[in-house]
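return a 3D structure for these sequence lines:
(2 chains)
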Amino acid sequence: MKAAVLAHHALGWPLSAVQDVVRPPTVEAGAWRRFSRVARLSAAAVAPVIAAAPAACEAVGVVFDRDEVPLFFGTGLGEYSSSYGFLKSLVEKGPAMASPLLFQNSVHNAAAGHVSIAFGLRGPSETICAGALTTLRTFERALCWLAANGGCALVVLADDVNADSAEGWRLGGVLGQVGEGGAAFLLAAVPARAAIELCADAAGRHAEPGSRGAADFGAFCTADAHGIDAALERGVEAAFDYPGCVLRVHG
Amino acid sequence: MHVPVHLAAMGCLTALGDLDGTMSGLRRGVVPFGPGPAWAPADLPVALVHGDLDPLDRHRTFALAKQVLVLARQQGLDLDPEGLAVVFATTTSAMLAGEAAIEERVSGRPVTVPVDLLVSHLAHQPAESVGEWLGARGPRLVVSTACTSGTVAFGIAADLLRAGRCRRALVVGADALCRTTVYGFRSLGAHTRTACRPFDVERDGMAIGEGAAFALLELGEGALELVGVASRTDAHHLTAPEPGGGGLVRAIRAAVGGADADAIDHVNAHATGTPTNDGVEAAALRVAAPSAWVSATKGATGHTLGAAGVVEAVLLAESMRRGVIPPSTGCRAAVDGVAVALAERTRVQRLGVSVNLAFGGHNAALALRYRGASPGAEYTNELQHPEIARTETLAGPHLRRSPQGLAEPTSSAVSPDRALERRKVIADAEARCAERRHRRAG
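This next block holds a predicted model:
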C-alpha cells in the first residue's frame, strides 16, 4: 500500500533546546491561548500543508474539500502534559479549583479538535496512539482509508514532553534523549514521485513492552525534522530511522 | 467492490453485568448507580462494574477488557491470535494507574508507585496489554477520540480487514473510573446530582459508568453486517456540539450509505443526559432518523466514555438479534419529536444505528443490518402505552441508596398537571411515529 505525499511540513527540537511554537497567522490569538502544547505543535505543522493543499490536490486531479477530508492524528504520549497539569491543579488547589480548560485539553484527541476548529476541517477525525509505532499505525490507517475511499487525507503527528512529566520518567530511569515536534502530510491515492509505502511485515510489528528507552521515545517525537523532511527532499529511499517504524519514503 | 464485514462475536460488561445481565437489567429498569471509590466525591452517583476482575491486573482498564474476553472465552469464543488485530477504544487509557504516581510527585511525597505502573499509564498500553495477553499477531493500536472512540474503532477495524492488514479484528472498548474524568466532568458542571435521565425533559446531567465490551469482526456475510461507520467533525467548539447537530446528521447519513433515513428502525443514542447533548442529538435524529425508535442506555449503564461506542454497538446488535428495543432507563417524559422507547418494545429491526458525540466536536455513527431470522413479531405492542404508567413509577427525582450500596429509583407523586402534560408529549410523539410508519407502509 502506498500513497502520494502532496505536501508536508515538520518542526521539532530536542528537549534541551525547546522553543516557543510560533502561532500560524490563520489561528486566532484567543484560540491559540487555549491550545495545549501538542495542539500548538500540530497546528504549526498543519498550517502550511493546508495552505498548499488546494493547489497540490488540483495538480493531481483530487478535490480538497474541508468538509470531507479526513484527519488522522497520531500521538504517542497524547495529552499527558494536560492530564498532568489537571491532576497537579487538583492536588495543589483542591477539587473545587479543578480547571475545565485543562480537563478539556486532557483528552488525547484535543489537538485534533483544536486543529479542526482552527482550520475548518469537518470531515472524519481519528486519534491513534500506538506507542513507538504511532507513526506506522497512523500512516497505516490513512493508507487503508485511502484504499477504501480514494481522495486525499491529512496525517498529523505530534508529541510534546514537558519538564515536569519528563522528571517523572527520569525517576524511573526510562527517559533518555527526547524531543518534541509536529509533522503534517497531505496524502492522496494517486501515483506520484514522492510516496509513502507500508512494508509487508508492518502489520505484525508490535511495541515491545520492555523497550521503553530512549529509542522508543525518539520514535514518539515523529517530527524532529531530520527524519521525514530530509528523506523526502533528498529524494532517496529511506526507511524511517526509528525502530519498528516500517514505512518507506520513496523519492 | 463492496466487501462485507460482519460481527462474528460480541460481549459486554457493565454495572448491570455481562451482556445477558445488561439486557435483563435494561428490561427491568435497574438503576445501578451508587457511591464511587473513596477518592470520588460522595455526592456524585457512578456505575461501577462489580465482577471477578483479576486482582493481579493493576490496570483496571485492562482488567475490565480482559474480564469481558474471559467471559466470552468461557462461552466458547475462539480468538486465534494469528493475524488478529486489536483495536482498543478508550478515553483515559490506564490513567487511573498514572494518577497515583502523579499525585505522589506533585505533593512532594516519595514516589512509591512502581515504575512499570507509571510507564503503563501511556495511552497505547491497553491495546498492547490485550494484544500480549492474547498473543495477537496483527496490528495493535488505541483509538482515543474521547467518547466516540468505540464507534470509530469499528471503522478502523473494518478497513484493516478490507485492506488485508489482518485476518480478524478484535474491537475492544474499556474505560475505568478515574479522578481525571470524575473531577473533570464535575468542573464542567456536566454531572447530574440526582439521576441520569437521557432525553428526559427534566434531565440535568450525565453520570459516569465503567464498562468494557468487544466485537470480533470478520470479512464475509453474517447475520449482523457492519453496514458502515462514519465520523464527522463540527469544527465548532471543543466541548459543545454544534447547535442543530449538523455534524451528527452527516455522520449518520454517511454510515447508512444510500439507505433512506426512514429505513432506520432503531437508534441507540449517545444520550448522556446533559441538557445540551440530548437537545442537539434530538434535533439531529429528527432529521437523520425520523422514523426510528430510539433507545438511550446510559441511564442504566452510565456513560462509559471511550468504551461507550463499543458497549452501545453491542447492545444495539443484541437488541436487533433479539428483536427488542430496550427501554431508556431514567427517561420519564421524552423530549419532543423523538420516539424514545420508555418500555421494552418487541420489534424486528433490519437497520440499526449507534451514535456517539465527543469532545473535539466529534460525531460518529455506526450502522448494522440484521440478516438473521425474525425473532419477534413486528410492531407488537406499538398500540400499547406502558410508558404512561411507567411515568408514574419512575418519577422520583433522587436515588435511594440500597443496603448493598446500589441505588434504586424512588417513587414520588407527580402533579396531575405535569402528568397530563407528559402524557400529551408521549401521545404526540406516538402519533407522529404512527403517521410516519403509515406513510412508509403506504
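
tell me the buried residues in stretch B:3-14?
Within stretch B:3-14, the residues that qualify as buried by neighbour count (16 or more other CB atoms under 10 Å in any protein chain shown) are B:4-14. All C-beta spots, glycine's among them, are computed from the backbone N, C-alpha and C.

A:A147: helix or strand, and which one exactly?
Element membership for A:A147 (DSSP states H and E) is helix A:134-149.

near chain B, anything from that helix?
Yes. Using CB under 8 Å from any CB of the partner chain, a contact is recorded between helix A:134-149 and chain B, made by A:134, A:137, A:140-141, A:143-145, A:147-148.

by neighbour count, which of those residues wins?
Going through the residues of helix A:134-149 next to chain B with other CB atoms under 10 Å in any protein chain shown as the criterion, the one with the most neighbours is A:T134, at 31 neighbours.

list the contacts of A:F119.
With contacts defined as CB atoms under 8 Å, 6 or more residues apart in numbering or on different chains, the neighbours of A:F119 are A:26, A:43, A:46-47, A:50, A:66, B:235.

buried ones among those residues?
Buried members of the contacts of A:F119, scored by 16+ other CB under 10 Å, are A:43, A:46-47, A:50, A:66, B:235.

can you put the residues you listed in TSV and add pLDDT and secondary structure?
Supplementary listing: these in TSV, determined by pLDDT from 0 to 100; DSSP: H, G, I helix; E, B strand; the rest coil:
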residue	pLDDT	secondary structure
A:A43	97	helix
A:V46	95	helix
A:A47	97	helix
A:I50	97	helix
A:R66	97	coil
B:A235	92	coil
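
ok, so of the residues you listed, who is nearest B:P35?
B:A235 (38.9 Å; CB to CB).

pretty sure the closest one is touching A:A112, no?
No. The pair B:A235 / A:A112 is not scored as a contact, 10.9 Å apart, by CB atoms under 8 Å.

residue ranges of the strands in chain A, please?
Using DSSP state E, the strands of chain A run over residues A:2-14, A:71-74, A:125-129, A:152-159, A:179-188, A:195-198, A:238-239, A:247-250.

quick one: mean pLDDT over stretch A:154-161.
Averaging pLDDT along stretch A:154-161 gives 88.

and that stretch, does that touch chain B?
No. Contact between stretch A:154-161 and chain B, assessed by CB under 8 Å from any CB, is absent, since the two come no nearer than 10.5 Å.

give the contact list for B:S187.
B:S187 makes contact with A:98-100, A:103 under the criterion CB under 8 Å, 6+ apart.

what does A:S83 give?
Counted by CB under 8 Å, 6+ apart, A:S83 has contacts A:106, B:95, B:98, B:102, B:180.

what about the third one, which SS state?
Going by DSSP: H, G, I helix; E, B strand; the rest coil, the secondary structure assigned to B:G98 is helix.

sorry, back to before: the contacts of A:F119 into CSV, with extra columns for distance to B:P126?
Formatted as CSV, the contacts of A:F119 follow (distance: CB to CB, whole Å):
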residue, distance to B:P126
A:T26, 36
A:A43, 28
A:V46, 28
A:A47, 33
A:I50, 32
A:R66, 33
B:A235, 29
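
circling back: the helix holding A:A147 to strand A:179-188, inter-axis angle?
10 degrees (axes from the mean of the first three to the mean of the last three CA atoms, to 10 degrees).

can I get helix A:134-149 in CSV? Just the C-alpha atoms.
The C-alpha coordinates for helix A:134-149 follow below in CSV (Å, rounded to 0.1, in the frame of the first residue of the first chain):
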residue,chain,number,x,y,z
THR,A,134,2.3,5.5,16.4
THR,A,135,3.8,6.8,13.1
LEU,A,136,3.4,3.5,11.5
ARG,A,137,-0.1,2.8,12.7
THR,A,138,-1.3,6.3,11.8
PHE,A,139,0.0,6.0,8.2
GLU,A,140,-1.4,2.5,8.0
ARG,A,141,-4.8,3.9,9.0
ALA,A,142,-4.6,6.6,6.4
LEU,A,143,-3.5,4.3,3.7
CYS,A,144,-6.3,1.9,4.5
TRP,A,145,-8.8,4.8,4.4
LEU,A,146,-7.4,6.0,1.1
ALA,A,147,-7.6,2.5,-0.4
ALA,A,148,-11.3,2.3,0.6
ASN,A,149,-12.4,5.8,-0.2
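
between strand A:125-129 and that helix, find me the angle.
140 degrees.

and helix A:134-149, how far out from the chain's middle?
Computed by CA atoms, centre = their mean, to the nearest Å, the separation of helix A:134-149 from the middle of its chain amounts to 13 Å.

before we move on, what about stretch B:150-166?
Averaging C-alpha coordinates over stretch B:150-166 and over its chain gives two centres that are 19 Å apart (CA atoms, centre = their mean).

what residues of it count as buried?
Quick answer for stretch B:150-166 (16+ other CB under 10 Å): B:150-163, B:165-166.

tell me, how many residues neighbour A:V18?
By the measure other CB under 10 Å, the count of residues near A:V18 is 15.

quick check: it vs chain B, distance?
In this view, A:V18 and chain B are 20 Å apart by CB to the nearest CB, to the nearest Å.

so who does whatever residue of the stretch 51-200 of chain A ends up closest to chain B touch?
The shortest separation between the stretch 51-200 of chain A and chain B is 2.8 Å, found at A:G113 (distances taken as CB to the nearest CB). Counting by CB under 8 Å, 6+ apart, A:G113 touches A:125, B:233, B:238, B:359-362.
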